[in-house]
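Q: kindly return the folded structure for what I paste below:
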Amino acid sequence: MDKFTTLTGIAAPMPLINIDTDMIIPKVFLKTIKRSGLGVNLFDEMRYNADGSENPDFVLNKPQYRDTEILVAGDNFGCGSSREHAPWAIKDFGIKCVISTSFADIFFNNCFKNGILPIVLPQEQVDLLMKDAEKGENARMTVDLDAQEITTSDGEVISFEVDAFKKHCLLNGLDDIGLTMEKAAAIDTFEAQAAQARPWV
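A: Next comes the predicted model:
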């Protein structure tokens with residue numbers, strides 16, 4: 001998993017509330033177990049018309065937001081089913097940070113496991129960032145995980161809270177496998193001792 005340290009990028013405004021995981025990645029695309037290739041179908045039912053053409057009114061289809069890396073979203077983002085394909089699709093599109101007033105618990109935790117930083121802020125601060133994101137590609141935000149700060153395009157700084165363990169994992173690019181491999185030496189020692197004590201196993 002890539003390390004998340006400091007991100008400076010385009011932020012897209014998506015003020016819709018209760019964006020569920022089926023809106024993020026519809027169930028028809030859940031047949032794969034690969035984490036790549038899902039970005040093209042992110043927000044599929046909102047992004048595309050019935051004939052498969054792009055909906056020009058959808059925010060991520062607008063020229064100034066095609067390279068979005070930060071999403072400023074409405075309340076209760078990621079509700080619905082627990083599908084891990086939702087953060088997979090978000091990450092594959094190129095979005096590395098989602099900011100909202102609240103997230104569904106399972107989606108929130110799945111973000112950290114997939115290298116995405118979900119940030120919870122009070123409504124007034126989300127409103128400020130939403131307004132900043134509406135400026136388009138010339139208004140780039142910076143998210144500094146180590147300092148736990150967001151800097152708007154105008155230089156205003158907003159602090160955010162993040163769990164210390166989850167922060168450690170993102171800063172060091174550690175998913176569940178990476179965390180296990182940090183203990184590789186201890187695991188090898190245990191296995192060697194177990195093999196000596198129980199050679200018949």
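
Q: okay, and the beta partners of residue 120?
A: residue 100 (DSSP bridges).

Q: how many residues are close by it?
A: Residues lying near residue 120 (other Cβ atoms under 10 Å) number 17. Any C-beta I mention is one placed from the backbone N, CA and C, and that applies to glycine too.

Q: so what's it up against?
A: For residue 120, the contacting residues are 100-103, 160-161, by Cβ atoms under 8 Å, 6 or more residues apart in numbering.

Q: try residue 85
A: Residue 85 makes contact with 21, 25, 29-30, 32, 38, according to Cβ under 8 Å, 6+ apart.

Q: dihedrals phi and psi, it?
A: Note on residue 85: its backbone torsions stand at phi -60, psi -20 [degrees, to the nearest 10].

Q: measure it to residue 153 for me?
A: Distance, residue 85 to residue 153, by Cβ to Cβ, to the nearest Å: 32 Å.

Q: are there helices or strands packed against the longest helix anywhere in the chain, and which ones?
A: Using DSSP state H, we find that the single longest helix of the chain is helix 184-197. Contacts defined by 3 or more Cβ pairs under 8 Å, 6 or more residues apart in numbering; DSSP states H and E place helix 184-197 against no helix or strand at all.

Q: give me the buried entries from the contacts of residue 120.
A: 100-103, 160 (16 or more other Cβ atoms under 10 Å).

Q: center of the chain, which residue is that?
A: Nearest residue to the geometric centre of the chain (Cα atoms, centre = their mean): residue 116, 3.1 Å.

Q: for residue 143, helix, strand, or coil?
A: Secondary structure, DSSP: H, G, I helix; E, B strand; the rest coil: residue 143 is strand.

Q: does it really touch residue 5, like I thought?
A: No. The pair formed by residue 143 and residue 5 falls short of the contact definition of Cβ atoms under 8 Å, at 9.6 Å.

Q: compare the two (neighbour count), which wins?
A: Higher neighbour count among residue 143 and residue 5: residue 143, with 25 against 13, using other Cβ under 10 Å.

Q: of the contacts of residue 85, the lowest pLDDT goes to which?
A: Ranked by pLDDT, the contacts of residue 85 bottom out at residue 32, which scores 79.

Q: okay, now that residue: neighbour count?
A: 11.

Q: how much space separates it from residue 165?
A: For residue 32, the distance to residue 165 equals 30 Å [Cβ to Cβ].

Q: residue ranges with poor pLDDT in this protein?
A: Along the chain, segments meeting pLDDT under 70 span 176-184.

Q: just the element for residue 71, please.
A: In this structure, residue 71 sits in strand 70-73 according to DSSP states H and E.

Q: name the next helix or strand downstream of that strand, please.
A: Sequence order places helix 85-93 as the next helix or strand after strand 70-73, per DSSP H and E.

Q: just the CA atoms of that following helix, as CSV, please.
A: In CSV, the C-alpha atoms belonging to helix 85-93 read as follows (Å, rounded to 0.1, in the frame of the first residue of the first chain):
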residue,chain,number,x,y,z
HIS,A,85,-15.2,-2.6,-3.7
ALA,A,86,-16.4,1.0,-2.8
PRO,A,87,-13.0,2.2,-1.5
TRP,A,88,-11.3,0.1,-4.2
ALA,A,89,-13.2,2.1,-6.9
ILE,A,90,-12.5,5.4,-5.2
LYS,A,91,-8.8,4.7,-4.9
ASP,A,92,-8.6,3.3,-8.5
PHE,A,93,-10.2,6.6,-9.8
